[in-house]
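> Structure of the sequence below:
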Amino acid sequence: MQRFQRELSDFVHKLYEDERKVLVFGEGPTGARVMMIGEAPGEQESLQGRPFVGKAGKNLDAFLLAAGMRRDELYVTNTVKFRPTKISPSGRTVNRPPTQEEVRLFLPWLLREIGLVSPRYVITLGNVPLKALMGRDAVVGEAHGRFIEWNGRVLYPLYHPASVIYNPALKDVYSRDVARFAGALQKD
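Sure thing, here's the model as predicted:
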């Protein structure tokens with residue numbers, strides 16, 4: 001994994017040599033049964049150098065705890081490894097969704113990372129990782145909570161944990177989907 005991170009760092013820093021892209025790598029045990037993939041780091045993730053440590057990460061941790069899953073047993077990463085930003089009308093630097101070009105740039109690296117971790121289950125968090133792995137027609141609103149065979153693994157799409165912050169009506173759906181996955185994992 002260290003070699004993978006070093007090679008990815010070299011690749012990104014050469015490509016964006018005029019920018020100081022802060023990379024946030026995945027964390028968790030290599031060989032984890034479950035790998036969770038988000039879209040991209042946010043502000044807190046970039047500052048702390050860890051995936052899912054901001055508000056969305058706190059939501060994710062709460063749902064995992066409620067479902068009896070421990071984060072330290074999972075491998076958690078993002079599709080795009082640096083924080084995509086834009087300048088807001090007020091002049092602040094804010095998060096933005098990754099572009100298709102950024103997703104395409106990181107997809108071979110993500111696939112390599114999945115191969116290195118070798119999980120049985122891949123959980124996508126939101127549309128960005130789902131579309132990256134399943135194609136542009138995949139939609140989390142239709143695929144969430146379903147077990148999908150994918151490249152010899154089981155893909156399980158979930159809404160992004162941040163979606164519950166912006167749309168509280170999704171909290172029950174998200175809770176049920178996480179509980180369903182945890183139940184299946186315990187039986188496996």
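> how close does L65 get to D72?
12 Å (CB to CB, to the nearest Å). The way it works is simple: take the backbone N, C-alpha and C, and place the C-beta from them, glycine included.
> surely I87 meets R96?
No. Using CB atoms under 8 Å, I87 makes no contact with R96, being 9.8 Å away.
> quick one, which of these two is more surrounded?
When I87 and R96 are compared for neighbours, R96 comes out ahead with 13 against 10, by other CB atoms under 10 Å.
> Stretch 21-37: which residues count as buried?
For stretch 21-37, burial by neighbour count (16 or more other CB atoms under 10 Å) applies to L23, V24, F25, G26, E27, G28, A32, V34, M35, M36, I37.
> Tell me the residue in this structure that is farthest from the middle.
S90 (28.5 Å; CA atoms, centre = their mean).
> What does that residue show for phi and psi?
Dihedral pair for S90: phi -80, psi 0, per degrees, to the nearest 10.
> So in the protein, where's the weakest helix or strand by average pLDDT?
In the chain, the helix or strand scored least confidently by mean pLDDT, DSSP states H and E is helix 55-66, which has a mean of 81.
> now for it, which elements pack on it?
Where contact means 3 or more CB pairs under 8 Å, 6 or more residues apart in numbering; DSSP states H and E, helix 55-66 is packed against helix 43-48, helix 161-166, helix 171-187.
> if I look at G135, how far off is D72?
According to CB to CB, G135 stands 32 Å off from D72.
> How about R136?
Distance of R136 to D72, computed by CB to CB: 34 Å.
> what do you get for L105?
Taking CB to CB, one finds L105 at 30 Å from D72.
> for this protein, what spans make up the helices?
Using DSSP state H, the helices of the chain run over 2-15, 43-48, 55-66, 100-117, 127-134, 140-143, 161-166, 171-187.
> how about the second one as PDB, C-alpha atoms only?
To tie it back to what came earlier, the one meant is helix 43-48. Extracted C-alpha coordinates of helix 43-48, given in PDB (Å, rounded to 0.1, in the frame of the first residue of the first chain):
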ATOM      1  CA  GLU A  43     -12.100  20.500   4.200                       C
ATOM      2  CA  GLN A  44     -11.600  18.600   7.400                       C
ATOM      3  CA  GLU A  45     -10.400  15.500   5.600                       C
ATOM      4  CA  SER A  46      -7.700  17.600   3.800                       C
ATOM      5  CA  LEU A  47      -6.700  19.300   7.000                       C
ATOM      6  CA  GLN A  48      -6.400  16.000   9.000                       C
END
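> residues of it that come out buried?
Residues Q44, E45, S46 are the ones in helix 43-48 that count as buried (16+ other CB under 10 Å).
> which one of the residues you listed is nearest L130?
When the buried residues of helix 43-48 are ranked by distance to L130 (CB to CB), E45 comes first, at 19.6 Å.
> Enumerate every residue touching the closest one.
When contacts are counted by CB atoms under 8 Å, 6 or more residues apart in numbering, E45 touches V24, P51, F52, V53, G54, G57, N78, R83.
> Right, I'll call it a day here.
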